[in-house]
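Student: got a predicted structure plus its sequence, pasted below:
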Amino acid sequence: MEFLVTMATHVPQGTPDAAVDDVRTREATRSQELAAKGRLLRLWRPPLAPGEWRTLGLFEADDRASLETVLLSMPLRIWRTDEVLSLSPHANDPNPQVDQRGASATRGVGSEFFTTFTISIPQGTSSDVVDAANAREADRARELAGQGRLLRLWSLPGEGHALGLWRACDAAEMGAILESLPLEPWARVETLQLAPHPSDPGLTHS
């Protein structure tokens, strides 16, 4: 199973800089170990407020209990709170079997983006119309994956919810990509631009 974990770190006031540096160094080493074991797949930095210390991580584990064991093994956990989101396979995921530490994670230029989709089909829409739109959506997803724009797609808990990982030159191009999706008229989309993380296995284990 794959999990998206939001990791927020709060270093206690008065902690010596040397202690912080030591924990961060051990965290980087542990991240490399988890990546080598296939437990840590990707790391990103979301937009941060001044003084905020937050990381997004894509992990793989057999279940939530196994994931918790992994998270507990990370040195920064002593100062960190984790929010876990379970991810399920999506029919339009372009690369469900691709090793996220490989070239697919680093190909291309620009930024990576997360998009959270909530699809709400208007009442009274015929099943034929819905089926046709879903078929066009699948075709468009394959096109965008072939262009290196759509990297991953997961289903989220709740009907009509999905999470996408994309690559685009900038926010304007990301917006144009989303507008090209056949399901866009029925979608509410939240977009988050991601920044590279120095310990991202997608960069350090390519």
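Tutor: Arrived safely. All of these numbers come straight from a predicted model, not from anything done at the bench.
Student: for F117, which non-adjacent residue is closest in space?
Tutor: Distances taken as Cβ to Cβ, 6 or more residues apart in numbering place A162 nearest to F117, at 4.4 Å, with adjacent residues excluded. To be clear about C-beta, it is placed using only N, CA and C from the backbone, and glycine gets the same treatment.
Student: domain parsing for the chain?
Tutor: 2-88, 89-195 (automatic domain parsing).
Student: would a markdown table of these with mean neighbour count be doable?
Tutor: Output for these, formatted as a markdown table (neighbours: other Cβ atoms under 10 Å):
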| stretch | mean neighbour count |
| --- | --- |
| domain 2-88 | 15 |
| domain 89-195 | 16 |
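Student: where do the strands sit along the chain?
Tutor: Using DSSP state E, the strands of the chain run over 2-9, 40-45, 54-60, 80-89, 111-119, 150-155, 161-168, 187-196.
Student: I'd like those strands as JSON lines, with distance to E137 appended.
Tutor: Below are the strands of the chain laid out as JSON lines (distance: least, Cβ to Cβ, whole Å):
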{"stretch": "strand 2-9", "distance to E137": "21"}
{"stretch": "strand 40-45", "distance to E137": "24"}
{"stretch": "strand 54-60", "distance to E137": "23"}
{"stretch": "strand 80-89", "distance to E137": "16"}
{"stretch": "strand 111-119", "distance to E137": "9"}
{"stretch": "strand 150-155", "distance to E137": "10"}
{"stretch": "strand 161-168", "distance to E137": "10"}
{"stretch": "strand 187-196", "distance to E137": "10"}
